[in-house]
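In: No sequence on hand, only this structure:
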């Protein structure tokens, strides 16, 4: 599939099972992977066994056609024809033992397990001697036999069986296919399931990069989880708002079902009864924008509504009206609400980053770039173009998405 091949060869596989770690994305680029077979091989190749045996780099070079395919002995050329003459799967150890020492499949598997458990311990010396003798009897040169043994010993401890690699590789390829065909839907599913190698913010940024629009949580229409509103629009779920408790989320949905839409911020506060910090966070991430006021205005009204006097008046009004919609606790004659300008893009992004873990619009770094407030950013190049600057010193910028000890 051409779209899938493009993502694979570019290493653009964020969110895809087994192939989204930095090591795997780099390996896919190095291999120029375009097919399911290459993905299956990459899954096996990234294991410590091939790397420890020095086979990973050779496999990459041979797959790209920049290194000739060679084996310790011509007998192994046919055995490893599908893997460029390199041991890649656990079964390759068995096949090498069968070809060189004449073992049957059962004996080869016993040897493989022995190598995997003991590594290079002295206890293997006897097995090594027996392997060399068996190979000599079959007419193979000692040097080739010893080379095969050394490769087997280094490789066997940390490797995948082929069935494991095929299963993982097939699932990985299907994930990349879905991401290539329906990127917004695929990443919405990643966000909804809170799955993957990275934090949610990484997948949110990837969704935006691929053209998806992220809409804020919404007390009027939003759901608990992230929703796909169209092929390119994702609404963030209420449960993603920091410090918003499950009880309050449930109360929002229950109030909507029982009494219809919220008519105003006071109506919302009366029917849901959120904690003050919960209401503030909802306002700051845009979940209350549907009330037609700027976020500073909503925060001002929240502060008034949360005073003891206002809360007492609200309770009295609710009791008197026997469940009538909550009106402003302080009458218009007593309260005067200022008309406040909305926060700028940077302020909104800062709140979203703090309370959602990612931004819905531009990341603060992008805002600074456009404003020209960090001149050093002007000297940076896009990360996607780094490969065009080989053997040169470059400057890039970004923000931390993951930490490893």
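Out: Arrived safely, thanks for sending. Since we're looking at a predicted model, the values are computed, not measured. Residues are numbered from 1 along each chain as shown.
In: CA only for contacts and neighbour counts going forward, please
Out: Fine.
In: which residue ranges form the helices in the stretch 1-150 of the chain?
Out: 2-10, 22-31, 36-45, 48-52, 55-63, 75-79, 90-101, 105-118, 125-137, 142-155 (DSSP state H, counting those that start in this stretch).
In: in the stretch 151-300 of the chain, which segments are predicted with low confidence?
Out: For the stretch 151-300 of the chain, the stretches flagged by pLDDT under 70 are 157.
In: residue ranges of the strands in the stretch 201-350 of the chain, please?
Out: 213-215, 227-230, 233-235 (DSSP state E, counting those that start in this stretch).
In: how many other residues sit next to residue 298?
Out: 23 (other C-alpha atoms under 10 Å).
In: looking at it, it is touching residue 282, isn't it?
Out: No - judged on C-alpha atoms under 8 Å, residue 298 makes no contact with residue 282 at a distance of 10.3 Å.
In: Residue 291 and residue 267 touch, don't they?
Out: No - Residue 291 lies out of contact with residue 267 (C-alpha under 8 Å); the separation is 10.6 Å.
In: quick revisit: now the strands of the stretch 201-350 of the chain in CSV, with mean neighbour count and distance to residue 342?
Out: Listed next are the strands of the stretch 201-350 of the chain as CSV, based on neighbours: other C-alpha atoms under 10 Å; distance: least, C-alpha to C-alpha, whole Å:
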stretch, mean neighbour count, distance to residue 342
strand 213-215, 21, 17
strand 227-230, 16, 26
strand 233-235, 22, 21
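In: looking at those, which is closest to residue 367?
Out: Proximity to residue 367 (C-alpha to C-alpha) singles out strand 213-215 among the strands of the stretch 201-350 of the chain, at 17.0 Å.
In: That closest one pairs with which strands?
Out: Looking at strand 213-215 with DSSP bridges, its partner strands are strand 233-235 (parallel).
In: Please work out which residues outside the strand it pairs with touch it.
Out: By C-alpha atoms under 8 Å, 6 or more residues apart in numbering, the surrounding residues in contact with strand 233-235 are 184, 188, 212-217, 222, 226-229.
In: mind checking how far that strand is from the chain centre?
Out: 18 Å (C-alpha atoms, centre = their mean, to the nearest Å).
In: With stretch 33-48 instead?
Out: Worked out by C-alpha atoms, centre = their mean, stretch 33-48 lies 19 Å from the chain centre.
In: List the buried residues of it.
Out: 33-34, 36-48 (16 or more other C-alpha atoms under 10 Å).
In: For the contacts of strand 233-235, give me TSV that also has distance to residue 61.
Out: Output for the contacts of strand 233-235, formatted as TSV (distance: C-alpha to C-alpha, whole Å):
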residue	distance to residue 61
184	35
188	37
212	37
213	40
214	41
215	45
216	47
217	48
222	51
226	43
227	44
228	42
229	45
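In: Closest to residue 106 out of those?
Out: For those, the nearest to residue 106 is residue 188 (47.3 Å; C-alpha to C-alpha).
In: That closest one contacts residue 230, correct?
Out: No - counting by C-alpha under 8 Å, residue 188 stays clear of residue 230, with 10.8 Å between them.
In: Kindly state the pLDDT recorded for residue 123?
Out: If you check residue 123, the pLDDT there is 65.
In: what's the answer for residue 385, then?
Out: pLDDT for residue 385: 86.
In: Tell me how many other residues surround it.
Out: 8.
In: any idea how far residue 58 is from it?
Out: According to C-alpha to C-alpha, to the nearest Å, residue 385 and residue 58 sit 26 Å apart.
In: ok so, going back, would you reformat the strands of the stretch 201-350 of the chain as CSV and include distance to residue 116?
Out: Below are the strands of the stretch 201-350 of the chain laid out as CSV (distance: least, C-alpha to C-alpha, whole Å):
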stretch, distance to residue 116
strand 213-215, 49
strand 227-230, 47
strand 233-235, 47
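In: Many thanks, have a good one.
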